[in-house]
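Novice: How does the following fold in three dimensions:
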Amino acid sequence: MAAGYSPPTGKVLYSPFRLVTMVMDALNLKLKGSEGMEIKGSPGASWGLPQGDLLALEPWNMMDELIWSPSISDQHRVSAFKRENATQTDVSEVTELKQMTNVIQNLVESMDVLKKDVNLQKIILQAEHEQKIQVQAVDLYSRMNDAVRDLEIAHKKKISNLRRSFQMQLINALAVLKAKCERNVLDETNGSSEANSSSAAKIHSLKKKLEEQETLILSLNALILEMEENEQPKQIVFESEDDPEKERLAEENREMKEEVDVLRGTIEQLEHGLKQKEMRIQELDVDVGSMKQKLEKDQKTIEKLSSVQDHLRAELEEKSAVIARLHQQKEEMENLLKTKLIEKEREQMRLKKEQESRLREQEEKVLEDIQKQKQLLMVETEQLKKMPQEAITPKVLKADVENASADNERLLAQIKKLMFIKEDNEKNIERLRKEIERVNKTWEKKFEILKHSFHAIKDEMFLRQSLHRQTMNLHRVSLSYLEDGRLAAAPTRLPTKYNIGFTTLPLPQIGAKPLSPTQMTHFTESYTGLAEEDMFTNDGTNVSQ
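Specialist: Residues are numbered from 1 along each chain as shown. From the prediction side, this is the model:
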């Protein structure tokens, strides 16, 4: 076919270069569609997509692009100044174009499948993300509920504590008011103490004086008002300067004003003194309340100390019983050890005597046998001497020699057996002696441990008794009220007859060098009787109210 020939009708076949560029543009658009990329200088540069998501791309059909063409003279704009005109395809390029078309169709199908997979993966990721968000939201909701519940519980506890504290404060205040009212009623009705009666009488007299002064002030004020009302018409009627009545009234008015000023000053002084007395009474009430509280605390302390004393007494009795039991056990063990030692010695002596007697008997038997053998030999020798020389035959001599050698061997065997028995008995004696020494050392160690524990118990008893004596040194407490008899500022502190407190420090030997166990033991042994007498006396527990 000619290069410049173009059929009038039919489908347009693109050149291989254009098909390759179209495929490359399609692949780039599918793989980089999220950024709308373009290939510069390629015919498919006009296919650039706007910015968007890859998943938002519509499916693209390559076959429509390849098949559809309005005319063979379709022109494709490359740039602003050049055009690419359609040309006739060569016959040799048809096969390649078909293969390329098949490849492109496969690519398009693969791209559709890939897009479906991507959409499915997107849906799965969204579902997983929503599920995770829901789980975290539920967890956060539960934690917030727990925190709110904890806060509510803590708030309720605080409110209950505040209510309890306020209730206790109200009860204490009511108790103080009740005590004050009872004390005032008792002071007014009974008049038990002279100081209270004198102060009440003074207050009563001062109140009477104050009432009299108030009545006097009221009468004077009424008189002044009357005089002022009466002065105005006099001033209107009598305008003469030489009126003696006017001067007299003015003088009386001035004197009355001076008296009123003096009375007002006296009233102010009396009110000030009354306020000071009331403040003094309030301070005395506060001091009495504090003293009562101290007395109650001291009473509680005394009760605690008495309970501690009973507890210590019970502990001391238990420890003394334990010590007595230990002494008894020690004596029993010593007696048992002595009896065992005596029995062991007796047993050893008996065994030794029996062994010696057995050895002596065996030796005596051996000696008797030897003597008998000697006598028999002597008798035989004498008989042989008496017999003629011919009668002595070698057989008889041989038999005698054999009998003598057998007897000697038997005697040697018996001697060896006796020596073996002797060595065995000596080993048994040595073993028993070592066993006795080991038992003696064990019991000595046990007695040493018991002795140390006994000394430690005695030291602890002495320390507790000394601490108990120091805490029991409480003085008697009494209350007294002093009146100075003049209207002045009350002292800031009441003088007390006795001071409440400890005369000595609770632990005077904290910074000192500690005693050794032997010194502490001797000290406890020397002062045990005195400590027990001080512990069981009840003189320190009496407090006068």
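Novice: Going by residue numbers, what spans are helices in the chain?
Specialist: Taking DSSP state H, the helices of the chain run over residues 16-31, 62-67, 94-189, 194-237, 244-386, 394-471, 517-535.
Novice: Deepest-packed of those, please.
Specialist: With neighbours defined as mean count of other CB atoms under 10 Å, these peak in mean count at helix 16-31, which reaches a mean of 16. Quick note: C-beta positions are derived from backbone N, CA and C, even for glycine.
Novice: tell me the mean pLDDT for that helix?
Specialist: Per-region confidence: helix 16-31 scores 59 on mean pLDDT.
Novice: which stretches of the chain aren't confidently modelled?
Specialist: 1-93, 188-202, 227-244, 384, 387-404, 471-545 (pLDDT under 70).
Novice: and if we set it to 90?
Specialist: Within the chain, the ranges that satisfy pLDDT under 90 run 1-102, 104, 136-137, 140, 145, 147, 154-448, 450-545.
Novice: Check the gap between residue 457 and residue 443 for me.
Specialist: Distance, residue 457 to residue 443, by CB to CB, to the nearest Å: 21 Å.
Novice: swap that for residue 280, please
Specialist: Taken as CB to CB, the span from residue 280 to residue 443 is 78 Å.
Novice: Next: residue 251.
Specialist: Taking CB to CB, one finds residue 251 at 121 Å from residue 443.
Novice: likewise residue 322?
Specialist: For residue 322 relative to residue 443 (CB to CB), the value is 20 Å.
Novice: now do residue 204
Specialist: Residue 204 is 88 Å from residue 443, by CB to CB.
Novice: Repeat that for residue 350.
Specialist: 24 Å.
Novice: and what of residue 434?
Specialist: Taking CB to CB as the measure, residue 434 falls 15 Å from residue 443.
Novice: Kindly report the same for residue 411.
Specialist: 48 Å.
Novice: just residue 385 next, same as before
Specialist: Distance, residue 385 to residue 443, using CB to CB: 72 Å.
Novice: got it, and residue 359?
Specialist: Using CB to CB, we find residue 359 at a distance of 34 Å from residue 443.
Novice: Likewise for residue 418?
Specialist: Note on residue 418: its distance to residue 443, by CB to CB, is 37 Å.
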